[in-house]
Every structure is written in structure tokens, then in C-alpha cells.
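1. show me the folded form of this:
(chains A, B, C and D)
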Protein chains: 2
Amino acid sequence: MDVLTPGLENYLEAILRVGLEKEVVRVKDIEKLLNVKAPSIVESVKSLAERDLVEYERYGYIKLTEKGTRIAREIYRRHKMLAGFFNRIIGVDLETATQDACAIEHYLSKKTLDHLLKFVEFVESHPEREPMWLSSFHYYVKYGELPDYCRKRREEVKKGKINNGKEKNC
Amino acid sequence: MDVLTPGLENYLEAILRVGLEKEVVRVKDIEKLLNVKAPSIVESVKSLAERDLVEYERYGYIKLTEKGTRIAREIYRRHKMLAGFFNRIIGVDLETATQDACAIEHYLSKKTLDHLLKFVEFVESHPEREPMWLSSFHYYVKYGELPDYCRKRREEVKKGKINNGKEKNC
DNA sequence: AAACTTTGTTAGGTAATCCTAATAATAAAC
DNA sequence: GTTTATTATTAGGATTACCTAACAAAGTTT
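-> Now for the predicted structure:
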């Protein structure tokens, strides 16, 4: 089950991410990516090596094993999903979204992660254009009020002119 | 600033929550609520007392100070918002939603929390009935496919019969 | 009020993550 | 091929947040 602590998950993910950009992964790369000092990294990489998730020899490169790669990809998928959710749906800037995804990605239950993933898929199932309600939400966040076409519609609903009950938030 | 560690935030919140249900708050109440052994609680309550967030004397009751109450309420608001988001919007059962809210509530940035709150408000701004797209999403999560009326509509869009570009996910 | 039960405290310990300072290995430059 | 610079490791410590076991106080029963 969940043998991996949040910290170790984070290192595993970082190793994968560095590996996507560079030929080889070294301690200093992780140092930069995670803003963590070298000794912490060495310690954690050793721990990952004990679990057969990475191969590592003193002063050498850090390489994910097959098992490590599999798990790291899983974690990274989670990360991207969460960051995308915060950024594209909730409307937070990418940097904050990424940071917050990092902060919570190791703590959510499988079930919630699954539902969130489905939510993102659902919302973005037609990626050519975002759903109307979502645009409306982004407008709401930005300007603090529902956009014009919504207000108008609401007035009408209020006056009883429209009430098909099929639309919410506009 | 964020002087409060995640753990302490959690105890503060727990004290508030117990206080909402019972006249007085004691160590054993927190013990039950958080599933944590007494010594951990005593330790943390002492720490909260040092910060003037609670009043506490050995073998006595635990009482939030004014400042403590203010902060605890803030934290609890966050908690409820997140649990509600997971439960009512993302569609996770209440127990899981609550658990996951607990797990992440101390780690999210102010910005993201703010956007999430707005999102919940936005979605539930007409609480009499949930938005159509949300019902559609819940159906999607449950049955793995878009509900009938959506599929039908999609077919029509595909055939070029409809394409007003104003609707997504149905 | 003595005995028992419940509750709270202290002391001491563990695990996960981080750190600094000192040391060692490797790589680069002269 | 020494010297220098970069990079990695070890040793030792701090913090947070838990725990168990032993003890102490408060509350309850008879």
C-alpha cells in the first residue's frame, strides 16, 4: 500500500521531472527544483534506493528503476491534474497552481483524486472552447460579478419571464 | 504571517468544533475527535497557550481566547468550504470529503482558497437546484458516460444540426 | 474517607524532514 | 599534473508530531 511518505513521493516525482529535461539526473538538479539542500536529497535518495525505486551509487547519477518510474509517473500525473485543475478551472495563476498542487498532491485520497480527474476530463472534454458556465465563473472571479448576459438573464428569471429550470449560474 | 504549524491549526480547529457541541472542552474530547493520544494533545495545547490562543490550566478545561476563536473560525470555515466542495461539487461521499479536507486544509495558499470559495459560491448561488452541467457531471462520475440528453445533443452537434457554441458538456 | 475509575501529565523515545559545517570526491583549468 | 572549483557526503542537530509507560490528580462509589 502506501509505503511512500509524502517527502519521498516528492523526491521521486522530482527525479522523473528532471529526467524529462536532462539526460542524467544529479543531486544538484533536484536541489534547484525543490529548493532543498543537498544533504536532504542524498538522504532521501538513499531511502528510495533501499526501496528499489532508484539506482544510485555515491557521486553517481540518479536513475529511476522500472518500478520507480511507474510510481513516479503516477505521482506526476496527479500533480499535473491538480495543477491544471487549479489553473485552468479554478482560475489561479500557474505558479500558485503548481505550488499548491505540490503542497497537497501527496495527501488526497484515491477516491477524491479520481473524482477530480473525472471533473477535469468532464470540463475539458471539448477542449476547443471552455464551457459557458466556466467562462462565466472566470469573469465572476475577476470582476466580482456575473457577466452581463447572466445578469440580464437573471433579471428575466426574476420577473418570471423565463424559468425553464434547466440553467444555473446564468 | 503563518506562525501556526499545520498540527496546531488542526488542534485549534478541533477545540472550536468540540466547543460548538459541548459546554466545556477537555483533553479527552479532542482525543476522540482527532484520534490522537492524550500526551500529544497536552503538548499542543500548551503550545497554543504560549501563543495566547487558548487558556489552559493543568487538569482544567480548554478555552479559546478571543484571538484563538477568531483564527479557529477562519480555519473551520476553510474546512467546511473544502469538505463541501469535495462532497457537493466533486461528488465524493461526505466522510471521504471531510477526511481529505482535513488532510489538505492547512497547506493551500490564500489565493487558491479564495478562488475555491468563489467557485463554490458561484456554483451554489442558486441553491434551490444544482446547475445542469453539475448534474450532468455527477451522472458522468456515476455511470461513466454523459446522460442521455447530452449524448443526443452531441450527436446533433456532430451532424451539424446544432452549433451555437454556447454550451459545453451538453 | 478508602478504594476504584476516569482523566490528565510527565518523561522519554521514534520517525520524517529539514538544516549547517566540515570533509571528500570528481571535474575543470592552468 | 597540481591547483581550483564544483559537486556530493557525512556527522550532528533542530523541529514537528506522534507514541508508550508510569505516575498523579480528580471524580465516583460504597
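2. how much space between residue A:37 and residue A:31?
-> Going from residue A:37 to residue A:31 by CB to CB, to the nearest Å gives 7 Å. Every C-beta, even on glycine, is put in place using the N, C-alpha and C of the backbone.
3. likewise for residue A:102?
-> Look at residue A:102 and residue A:31: by CB to CB, they are 16 Å apart.
4. returning to that earlier point: who has more neighbours out of residue A:37 and residue A:31?
-> Neighbour tally, residue A:37 and residue A:31, criterion other CB atoms under 10 Å in any protein chain shown: the higher count belongs to residue A:31, 15 against 9.
5. got the residues of chain A near DNA strand D?
-> A:26-28, A:31, A:38-39, A:41-43, A:45-46, A:56, A:58-60 (CB under 7 Å from any atom of the strand).
6. which of those fall in helices?
-> Counted as lying in helices by DSSP state H, out of the residues of chain A next to DNA strand D, are A:27-28, A:31, A:38-39, A:41-43, A:45-46.
7. buried subset of those residues?
-> A:27, A:41, A:45 (16 or more other CB atoms under 10 Å in any protein chain shown).
8. quick one, what contacts the first one?
-> Right, residue A:27. When contacts are counted by CB atoms under 8 Å, 6 or more residues apart in numbering or on different chains, residue A:27 touches A:38, A:41-42, A:45, A:62.
9. list just the nearest of these to residue B:20.
-> Closest approach to residue B:20 among the contacts of residue A:27 (CB to CB): residue A:41, at 44.2 Å.
10. tell me the spacing between the closest one and chain B.
-> Residue A:41 sits 22 Å away from chain B, going by CB to the nearest CB, to the nearest Å.
11. ok, that residue touching residue A:30?
-> Yes - at 5.0 Å, residue A:41 and residue A:30 qualify as touching, with contact defined as CB atoms under 8 Å.
12. give me the phi and psi angles of residue A:142.
-> phi -70, psi -50 (degrees, to the nearest 10).
13. next one, pLDDT for it please.
-> Each residue has a pLDDT score; the one for residue A:142 is 90.
14. show me what contacts the residue nearest to it when sequence neighbours are not counted?
-> Closest residue to residue A:142 apart from its sequence neighbours, by CB to CB, 6 or more residues apart in numbering or on different chains: residue A:91 at 7.9 Å. Contact partners of residue A:91, counting by CB under 8 Å, 6+ apart, are A:137-138, A:141-142, B:115.
15. strands of chain A, start to end?
-> Assigned by DSSP state E, chain A shows strands spanning A:54-56, A:62-64.
16. and the residue lying closest to residue A:80 once chain neighbours are set aside, how many neighbours does it have?
-> Sequence neighbours aside, residue A:101 is the residue nearest to residue A:80 in space, at 7.9 Å (criterion: CB to CB, 6+ apart). If you count neighbours by other CB under 10 Å, residue A:101 ends up with 21.
17. any idea how far residue A:101 is from residue B:107?
-> 11 Å.
18. ranges for the helices of chain A?
-> Using DSSP H, the helices of chain A run over residues A:6-21, A:27-34, A:38-50, A:66-84, A:94-104, A:110-123, A:132-143, A:148-159.
19. name the helices or strands packed onto the fifth one?
-> Counting contacts by 3 or more CB pairs under 8 Å, 6 or more residues apart in numbering or on different chains; DSSP states H and E, helix A:94-104 is packed against helix A:66-84, helix B:94-104, helix B:110-123.
20. try 7 Å this time
-> helix A:66-84, helix B:110-123 (3 or more CB pairs under 7 Å, 6 or more residues apart in numbering or on different chains; DSSP states H and E).
21. how far off centre is that helix?
-> 7 Å (CA atoms, centre = their mean, to the nearest Å).
22. again with stretch A:135-144
-> On CA atoms, centre = their mean, the centre of stretch A:135-144 falls 22 Å from that of its chain.
23. hey, C-alpha coordinates of that stretch in CSV?
-> Output in CSV follows, covering the C-alpha atoms of stretch A:135-144 (Å, rounded to 0.1, in the frame of the first residue of the first chain):
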residue,chain,number,x,y,z
SER,A,135,-16.2,31.5,-18.6
SER,A,136,-18.8,33.0,-16.6
PHE,A,137,-17.1,31.8,-13.4
HIS,A,138,-13.8,33.3,-14.5
TYR,A,139,-15.5,36.6,-15.2
TYR,A,140,-17.0,36.4,-11.8
VAL,A,141,-13.7,35.8,-10.1
LYS,A,142,-12.1,38.6,-12.0
TYR,A,143,-14.7,41.3,-11.7
GLY,A,144,-16.7,40.2,-8.7
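24. list the buried ones in it?
-> For stretch A:135-144, using 16+ other CB under 10 Å, the buried residues are A:136-141.
25. just give me the residue closest to the centre of chain A.
-> Centroid-nearest residue in chain A: residue A:82, 2.5 Å away (criterion: CA atoms, centre = their mean).
26. nearest residue to that one other than its sequence neighbours?
-> Nearest to residue A:82 is residue A:101, by CB to CB, 6+ apart, at 3.8 Å.
27. what about the one you found, distance to residue B:79?
-> Counting by CB to CB, the gap from residue A:101 to residue B:79 is 20 Å.
28. nice, that's everything, thank you.
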